[in-house]
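Peer 1: build me a structure from this.
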Amino acid sequence: MKKIFSLMLLSFALLSCRSSSGRSALDAASFSDGTWTYLVYYNSDPSVLRFVINKCRSTTEIDAVVSEGKDLNKAKALCNGEVSTPARSDLKEAIASQISNISFDDILNSKMNRSNYLTNEVASIQSQIDRLNTEISALDASSSKKHSLQDDHDLKAKTLQDLLKQQAELNAALAAAKSQASMKALKDLDLIDTLRLIGKGQESANLAADIFISMLADKDKIYKLDVNKNRILVKAIQNFDAICRNDTRTFESGEIDQGVERMTYTCMKGGLVSFTSITCPLPGYERVSGACVFTGKGLALANITASHSGICAVTKGKAVTCWGKAGSFPLNYIATSAVKPAGFGRLPETSPKLGGIGLGGTGTPIAQMLGNSVIGADHAMCSLDSSNKINRCWPELNSAPINTDAFTSVQSGYAHYCGLTADKTVKCWGENSFNQMSVPFLSNVTALSAAGQSTCALTSDGKVNCWGTMMGNLNQSLANSPADMKKAIAISTGAMHACAIMDDNSVRCWGENEYGQTTVPSDLGGVRSVVAGRFQTCAITMSKDLRCWGKDNSSAAFADAPKLQNVTRIFIGNLGVNICAKTLDDKVSCWGTLQYGVSTDNRNAIEYSVTPPANLGKVDDIVISSVGYICARMSSGGLTCWGNVDGMGSIPAIFQN
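Peer 2: Numbering: from 1, shown residues only. Okay, the predicted model is just below:
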């Protein structure tokens, strides 16, 4: 793909900057956009250990010093109009975010590859069916082999019809997306494939960013960046806002939240910055080896939620904190209206505004947010206050009801939310490309359930109403529930299918049935609860047994549901690819997908285990990210996490505080 190829070129270009002695020639970097000159270097003072970005008006003298590339100290003295000081991790995330912003062509090529794969599969199965037809026609009608071959033929014919259906839907959606040049439409086609592509791009982006950062941490020389050839690095550097300005803010003191750090500083003469202290304001973070890292130390949690690549929580002191995969949501995000990574250079609301985007949306970093609870979507997060009103959403979401309605329930999908108000009506906000906000006229709503691009509501008369489209399928909606469905008492919405419990405690499911997830077992009987996952549906029977149907463990990359009794609760992940259950004696079991980032040929797969620690203890809640990172909020308020920790730096495979 073009983007991945460009990453390889970037990595090669950065490595080629090394001198013959092995020492980096990229000891400092500089570029000019015609009006401003930027100078980037590393401050290795043990009390600082940060990068410094100097910004100044371009002059002939500065350009000459930079072009010569021999006198870094002179360049510093000449170019000090504005100064910002990102940590190593902040600059890396800014670069990685720029690189991994996948293009329309990248997404389109991925979907075309999926279409080609389906075409080949259709041809292969059709060939097998033709061969079976030939063999069957040559056998006597009473032959036992003929019956066996006929069964094989019928099974393959069903598979063929399913593939043809997928192929037709994908090709129709591709044609529409290409004609509209719609990035959103392409991303939501075959969601799992899109997430794999994003994950692959992120890994390559992190590698390239690491190379650049490591080389830049040397000293004395200046490497001049080309604003056209090095656009990724240039944009990343330009994202950081100044905290000190030469002369205009000399000797002014202040405080700034940057990334996951809080810095108290004084602006000195010449645009220099003096740090009084650098601390870690997010609960659960500590300063280790000159950087703020998540250790979970001292965390006492009241609420916890998951997103695509990480976790957010509210402490018992009502402070919000987040952790997870570096460079991915929720640790940072690229806002729809700008390219600045979240939390980079955002001053507290009481300080002078110098621009930037905070982790808590425009105006407030996470480190300064208070909430009663947080609710995560795959690519968004909202916090509620003590009266159950939405007080923040990040990134900023379309039509978010900030400080207006008090909700009795809030449910989230891929990038949208729906809330149930006190007067039993429904309000939705966020992404609306697939009619997620197109709420039908409803009253007396008693329950909501959302996932993917769909939401379902249950009314007091037992009717189920759904809207939005099935994730990855632009032509189908869960609104097409069974016509003969009787009075429902509970609902569960998945990305591709939904299930309801009837007033006789039986289960009805509808939607995508590729893995048999909507085929309710005939011997199921009554159930207490049901959850619709991505590949499976699971229920707690009236006798408190766990029953699941759908995909089995025919693949090494999938763990089947265990046989459990006395089950008290089922927990399901954002995409529904992983599921956990808790029993009466506080034992926890998890199952589902065991790989993330699997390509069609099984390359670049990230394997992980979903088996909980043996000494887990008493659990109050469990949340599961889309990439398979699982965290349990303990009854003590503590935290235990396991699962897919790829890209999470120092966070161990099994974490307990």
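
Peer 1: which residue ranges of the stretch 101-250 of the chain form helices?
Peer 2: With DSSP state H, counting those that start in this stretch as the definition, the stretch 101-250 of the chain shows helices at residue ranges 104-137, 144-180, 183-188, 191-216, 231-238.

Peer 1: how about low-confidence regions in the stretch 51-200 of the chain?
Peer 2: When the per-residue scores of the stretch 51-200 of the chain are filtered using pLDDT under 70, the ranges that remain are 96-111, 113-114, 169, 173-174, 176-200.

Peer 1: please identify which helix or strand holds the closest residue to Lys224 other than its chain neighbours.
Peer 2: Spatial nearest neighbour of Lys224, excluding adjacent residues (C-beta to C-beta, 6 or more residues apart in numbering): Ser30 at 5.5 Å. Bear in mind the C-beta positions are built from the backbone N, C-alpha and C, glycine included. Per DSSP states H and E: Ser30 is located in strand 29-32.

Peer 1: likewise for Cys382?
Peer 2: Cys382 is part of strand 380-384, with elements assigned from DSSP H and E.

Peer 1: number of nearby residues for Lys618?
Peer 2: Residues within reach of Lys618, counting by other C-beta atoms under 10 Å, total 10.

Peer 1: ok, for it, nearest residue in space, not its chain neighbours?
Peer 2: Spatial nearest neighbour of Lys618, excluding adjacent residues (C-beta to C-beta, 6+ apart): Ser635 at 4.2 Å.

Peer 1: doesn't Leu616 make contact with the one you found?
Peer 2: No. Using C-beta atoms under 8 Å, Ser635 makes no contact with Leu616, being 11.1 Å away.

Peer 1: those two: who's more crowded?
Peer 2: Each of Ser635 and Leu616 has its neighbours counted (other C-beta under 10 Å); Leu616 has more, 18 against 12.

Peer 1: and the more buried one, which of the three is it?
Peer 2: Classification of Leu616 using DSSP: H, G, I helix; E, B strand; the rest coil returns coil.

Peer 1: so who does it touch?
Peer 2: Counting by C-beta atoms under 8 Å, 6 or more residues apart in numbering, Leu616 touches Asp586, Val588, Ala632, Thr640.

Peer 1: count the residues that sit near the residue nearest to Lys224.
Peer 2: Taking other C-beta under 10 Å as the definition, Ser30 ends up with a neighbour count of 24.

Peer 1: what about it, distance to Val234?
Peer 2: In this structure, Ser30 and Val234 are separated by 11 Å, where distance is defined by C-beta to C-beta, to the nearest Å.

Peer 1: mutual contacts of the two, please.
Peer 2: With the criterion set as C-beta under 8 Å, 6+ apart, the overlap between the contacts of Ser30 and Val234 is Tyr38, Leu225.

Peer 1: quick check: mean pLDDT of the following helix or strand past the strand holding Cys382?
Peer 2: With elements assigned by DSSP H and E, the helix or strand that comes after strand 380-384 is strand 390-394. Predicted confidence along strand 390-394 averages 87 (mean pLDDT).

Peer 1: gap between the helix or strand just after strand 390-394 and the chain center?
Peer 2: Read in the C-terminal direction, the helix or strand following strand 390-394 is strand 407-412, with elements assigned using DSSP H and E. Distance of strand 407-412 from its chain centroid, counting by C-alpha atoms, centre = their mean, to the nearest Å, is 20 Å.

Peer 1: okay, buried residues for strand 407-412 please.
Peer 2: By 16 or more other C-beta atoms under 10 Å, the buried positions in strand 407-412 come out as Phe407, Ser409, Val410, Gln411, Ser412.

Peer 1: same question for stretch 388-398.
Peer 2: Applying a neighbour-count criterion of 16+ other C-beta under 10 Å, one finds Asn388, Lys389, Ile390, Asn391, Arg392, Cys393, Trp394, Pro395, Glu396, Leu397 buried in stretch 388-398.

Peer 1: make TSV from those and add distance to Tyr608 to it.
Peer 2: Listed next are the buried residues of stretch 388-398 as TSV, based on distance: C-beta to C-beta, whole Å:
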residue	distance to Tyr608
Asn388	35
Lys389	37
Ile390	33
Asn391	34
Arg392	31
Cys393	30
Trp394	27
Pro395	28
Glu396	32
Leu397	30
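
Peer 1: still on that earlier bit, OK, contacts around the residue nearest to Lys224?
Peer 2: Contacts for Ser30 (C-beta under 8 Å, 6+ apart) come out as Thr37, Tyr38, Leu39, Val40, Val66, Ala75, Ile222, Tyr223, Lys224, Leu225.

Peer 1: regarding the fifth one, what is its secondary structure?
Peer 2: Classification of Val66 into helix, strand or coil gives helix, according to three-state DSSP.

Peer 1: how close does it get to Leu91?
Peer 2: Noted for Val66: a distance of 19 Å to Leu91, by C-beta to C-beta.

Peer 1: I'd like the contacts of Leu616 as a markdown table, with secondary structure appended.
Peer 2: Formatted as a markdown table, the entries for those read as follows, by three-state DSSP:
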| residue | secondary structure |
| --- | --- |
| Asp586 | coil |
| Val588 | strand |
| Ala632 | strand |
| Thr640 | strand |
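
Peer 1: which members of those are the farthest-apart pair?
Peer 2: The widest separation within those, taken as C-beta to C-beta, falls between Asp586 and Thr640 and amounts to 12.4 Å.

Peer 1: out of these two, which sits in the busier spot?
Peer 2: Thr640 (22 against 12).

Peer 1: any idea what that one is bridged to?
Peer 2: Ala632, Gln656 (DSSP bridges).

Peer 1: over to Thr321?
Peer 2: Checking Thr321 by DSSP bridges, which sets the bridge assignment, gives partners Ala313.

Peer 1: ok, now Phe275?
Peer 2: Beta-bridge pairing of Phe275 under DSSP bridges involves Tyr265.
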